[in-house]
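Asker: Here is a sequence together with a model predicted from it:
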Amino acid sequence: MIMEARNLGWSARGKPIVTGVDLVVNEGETLGLVGPNGSGKSTLMKLLAGIRQPTSGSVLVKGQALEAMPRRAAARLIAFLEQHSETTEAITVKDAVQLGRTPWLTPLQPWSAEDDRIVAQALADADMSGFERRSWTTLSGGERQRVHLARALAQRPQILLLDEPTNHLDVQHQLSILNLVASLPVTSVVALHDLNQALSCDRVGVMSGGRLVALGAPDDVLTLERVSSVFGVRVSIITDPGDGARIFRFHPAS
Ligand SMILES: Nc1ncnc2c1ncn2[C@@H]1O[C@H](COP(=O)(O)OP(=O)(O)OP(=O)(O)O)[C@@H](O)[C@H]1O
């Protein structure tokens, strides 16, 4: 286990938004988080990232309380791609990705050729090589998303927390980012809206009404009954004749 949430909760002005989440994240796995709008996925991700303090319970990273961990130590372990990331507008793509190295730089260990290499690799992995000198303001929504991913990769974390990383991306880049995340030697927690994409995660957690209502292997968790009741739709499954994979189709409930 690399990360654990124990009875984790967060309330806003007394209103519970995330309640009683117990979650063990296994080292090396890709854990998908799904759930309807407003079910608490982003709030849970922010709690796991340590940028929101729990109003109950705790998050442990490698057995240590995240709340008590110095920011730099936490940033060496965890990188977070937020759903609505913002970056200072005057910045270039290279500057934005270089920011990912910040937790690793010290007066005794200043910027080096190794940092240049890691930044170049992160840009290549996010398919943004060649954009280094471009100003952030000139990028499209999908390109911005890929720069944010490159920044998170340049952080060389042990845990990647990605909140809707495929947002704004064309299908080719959606697939390449999910394949990349699965192939990296890191632990990933990924909030997703596409349930077909969630099927390819190692495990899936389902949020509903601020609670984690199911957790396990995708086929066990994403049953027709659960998808139908949690998302309020009628669901059917078709099988891809090419590889036998299951594919969800959704229909209005009535
Ligand atoms: N600071 C806040 N104050 C009040 N309510 C909040 C606050 N932050 C989140 N909420 C509410 O908590 C609920 C959960 O929000 P959250 O963003 O975690 O959901 P989500 O599952 O990520 O949704 P989506 O799929 O739409 O991104 C929503 O109803 C939201 O309006």
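Answerer: Everything's here; your move.
Asker: and the end-to-end length of stretch 129-144?
Answerer: Taking CA to CA, to the nearest Å as the measure, stretch 129-144 stretches 13 Å from start to finish.
Asker: Show me the protein divided up by domain.
Answerer: 3-87+138-145+152-217, 223-254 (automatic domain parsing).
Asker: So for the last one, mean pLDDT?
Answerer: Looking at domain 223-254 alone, the average pLDDT works out to 94.
Asker: What residues sit buried inside that domain?
Answerer: Going by neighbour count (16 or more other CB atoms under 10 Å), the buried part of domain 223-254 is 226-228, 230-231, 235, 248. Yep, even glycine has a C-beta here, placed from its N, CA and C like the rest.
Asker: Pull the lowest-mean-pLDDT helix or strand in the chain out as PDB, backbone CA atoms only.
Answerer: Scoring the helices and strands of the chain by mean pLDDT, DSSP states H and E places helix 171-183 at the bottom, with a mean of 89. Below are the C-alpha coordinates for helix 171-183, written out as PDB (Å, rounded to 0.1, in the frame of the first residue of the first chain):
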ATOM      1  CA  VAL A 171      -9.300  10.600 -29.100                       C
ATOM      2  CA  GLN A 172      -5.800   9.900 -30.100                       C
ATOM      3  CA  HIS A 173      -4.400  11.900 -27.200                       C
ATOM      4  CA  GLN A 174      -6.900  10.500 -24.800                       C
ATOM      5  CA  LEU A 175      -5.700   7.000 -25.600                       C
ATOM      6  CA  SER A 176      -2.000   7.900 -25.600                       C
ATOM      7  CA  ILE A 177      -2.300   9.600 -22.200                       C
ATOM      8  CA  LEU A 178      -4.200   6.700 -20.600                       C
ATOM      9  CA  ASN A 179      -1.700   4.200 -22.100                       C
ATOM     10  CA  LEU A 180       1.200   6.300 -20.900                       C
ATOM     11  CA  VAL A 181      -0.200   6.500 -17.400                       C
ATOM     12  CA  ALA A 182      -0.700   2.800 -17.300                       C
ATOM     13  CA  SER A 183       2.800   2.100 -18.500                       C
END
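Asker: which of the residues in that helix are buried?
Answerer: For helix 171-183, by 16+ other CB under 10 Å, it's 173-174, 176-178, 180-181.
Asker: again, but for stretch 34-45
Answerer: Neighbour count says stretch 34-45 has 34-36, 39-45 buried, by 16+ other CB under 10 Å.
Asker: I'd like the residues you listed written out as JSON lines, with secondary structure, pLDDT and distance to Val119 added.
Answerer: Formatted as JSON lines, the buried residues of stretch 34-45 follow (DSSP: H, G, I helix; E, B strand; the rest coil; pLDDT from 0 to 100; distance: CB to CB, whole Å):
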{"residue": "Val34", "secondary structure": "strand", "pLDDT": "98", "distance to Val119": "32"}
{"residue": "Gly35", "secondary structure": "coil", "pLDDT": "98", "distance to Val119": "34"}
{"residue": "Pro36", "secondary structure": "coil", "pLDDT": "97", "distance to Val119": "37"}
{"residue": "Ser39", "secondary structure": "coil", "pLDDT": "98", "distance to Val119": "35"}
{"residue": "Gly40", "secondary structure": "coil", "pLDDT": "97", "distance to Val119": "34"}
{"residue": "Lys41", "secondary structure": "helix", "pLDDT": "98", "distance to Val119": "30"}
{"residue": "Ser42", "secondary structure": "helix", "pLDDT": "97", "distance to Val119": "27"}
{"residue": "Thr43", "secondary structure": "helix", "pLDDT": "97", "distance to Val119": "31"}
{"residue": "Leu44", "secondary structure": "helix", "pLDDT": "98", "distance to Val119": "30"}
{"residue": "Met45", "secondary structure": "helix", "pLDDT": "98", "distance to Val119": "25"}
